[in-house]
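1. I would like to see how this sequence folds:
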Amino acid sequence: MRRHLLITLCWALAGACGDQLFAGDAAALRDGAELLGWAASAPADATAALTDVLDADGCTHHYVTDDDELAAQVAAGGRVIGALGFVWPPGWGDAAPPADPVDADSTLTPLAAQAPAPCTLGKNPAVILFYSGFGEPITDRFLQGCPGEVIVGEKHERGPSSRFASATYHAAGGRTGFIIDANGHKLIALLLRPNGVERTAAYVRGKLAAGYDYVVFDEITMDSNFMDTSTAGKRLRQLMLRVPRHSIIPYISLDLTQGPIGAIGMANRKWLLRSFRLYARAMALENYLHTDAVMAGAAPSTFRTGIDRVANAMRGMQGGSDVARHAFTTLGLSMHQGLSQYNYLDDPRHDLAALSREVNAIRHGSARLRQEHGLGFYMVGSYDVQPRPGAPYTYTQLVAHLRSLADRFR
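-> Numbering: from 1, shown residues only. Below is the predicted model:
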């Protein structure tokens, strides 16, 4: 669990003067409405108002987040209609990734000019999931040596922008995943629409048809809407039967894996967990620890608790005995979030050692932990893992270290 915000869904509807945006679930009932994304209902960290401006021609709508652009539109005769919501980062698209850093002391194997070599993954390859990439071409380095399916998350509604979606990268193990984000709120809102199961299934299938390999649920939380007895919970289980098998990767949030009453929450979601075990690609268990906690020895018990809670909730159910083979631990990498509790690599002296200890806790931990066949990394863009000034490691050294850790699950 990272943030809980009130959100509004944003839709586009074609008209004589071009696409017009609408906010709120009611807009979904309009014929031809296309879901573009979501926005916060109130200002939040790093957001900007998405303002609707009617052009002087009385027909065309402009949607701006920049104050100077807004002033220019008004000066040209535009009329401010109002704010549809608050978006972050400003604008609908993701920010362009920074250039690949180059360090003289990089321990990474230099990238060849050609595309990555194809490899044979086998029947059940490891899952290496990144919530977001490091920017091209540096993310390509995780394909070297064929560690498994290397999945990079994206939020582009119209299809993946990463070259990991290409046939060449796909042959080398590259994959893309469309993230249904907003901490589970967006998924709940989709499911609770009229005819929500079929419409959400169509939405998921549309993302797969657009080129994504997987659809990632961010995230399943303690929200009561995910309980087995809730309407959304029942619909989510129905959804899993209406989309291609093994096309979904759900994040299981911190409040369930680590929270004080997470075991009760898992038990109240046991049929949902069973559905994920049988029909999802794998479950990504959020186990985010700060560097000092890892160095103090918290990783083994924390990670063991997370997977044990899933297994205990499913005790006696189909798939419960081997659920660990269909789950993997996700590590927190963030360094530059607005609130300190979301910055997990927070002691540069020990960050790399802490990451190694975390993976050791999985590979040499309990019998269930040793069954996990993959690893996840959570960060929000490459800027979020830029080492702090004075850190004893560089950006490329961090990437090299992460790549070596991913190799341990092949």
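2. Let me see the ranges of the strands in the stretch 251-400 of the chain.
-> Along the stretch 251-400 of the chain, the stretches classed as strands by DSSP state E, counting those that start in this stretch are 283-286, 327-332, 374-378.
3. could you pull out the helices for the stretch 201-350 of the chain?
-> Using DSSP state H, counting those that start in this stretch, the helices of the stretch 201-350 of the chain run over 231-240, 254-257, 262-267, 270-279, 291-295, 299-313.
4. on that earlier part again, in TSV: the strands of the stretch 251-400 of the chain, plus mean neighbour count.
-> To be clear about C-beta, it is placed using only N, CA and C from the backbone, and glycine gets the same treatment. Below are those laid out as TSV (neighbours: other C-beta atoms under 10 Å):
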stretch	mean neighbour count
strand 283-286	26
strand 327-332	25
strand 374-378	25
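5. who wins for proximity to residue 162 among these?
-> strand 374-378 (15.6 Å; C-beta to C-beta).
6. what sits against the spatially most central residue of the chain?
-> Most central in the chain under C-alpha atoms, centre = their mean is residue 131, positioned 4.0 Å from the mean C-alpha point. Taking C-beta atoms under 8 Å, 6 or more residues apart in numbering as the criterion, residue 131 is in contact with 153, 179, 218, 376, 377, 378, 379, 380.
7. Am I right that the first one is in a strand?
-> Yes. Residue 153 sits within a strand when classified using DSSP: H, G, I helix; E, B strand; the rest coil.
8. Could you check how far it is from residue 351?
-> Noted for residue 153: a distance of 22 Å to residue 351, by C-beta to C-beta, to the nearest Å.
9. now do the third one
-> With distances defined as C-beta to C-beta, the gap from residue 218 to residue 351 amounts to 24 Å.
10. quick one: which of the contacts of residue 131 is nearest to residue 284?
-> So of these, ranked by how close each gets to residue 284 (C-beta to C-beta), first place is residue 376, at 4.8 Å.
11. and the closest residue to residue 383 other than its chain neighbours, how many neighbours?
-> Nearest residue to residue 383, sequence neighbours excluded (C-beta to C-beta, 6 or more residues apart in numbering): residue 336, at 6.2 Å. The local packing of residue 336 (other C-beta atoms under 10 Å) involves 15 other residues.
12. isn't residue 336 right next to residue 382, touching?
-> No. At 10.4 Å, residue 336 does not count as touching residue 382 under the criterion of C-beta atoms under 8 Å.
13. Just say which of the helices of the stretch 201-350 of the chain is most tucked in.
-> helix 254-257 (a mean of 24; mean count of other C-beta atoms under 10 Å).
14. List the residues that are in contact with both of residue 336 and residue 382.
-> By C-beta under 8 Å, 6+ apart, no residue touches both residue 336 and residue 382.
15. before we move on, back to that, so who does the residue nearest to residue 383 touch?
-> When contacts are counted by C-beta under 8 Å, 6+ apart, residue 336 is found next to 343, 383, 384, 386.
16. pLDDT-wise, what's the bottom of the residues you listed?
-> Model confidence across these bottoms out at residue 383, which has 91.
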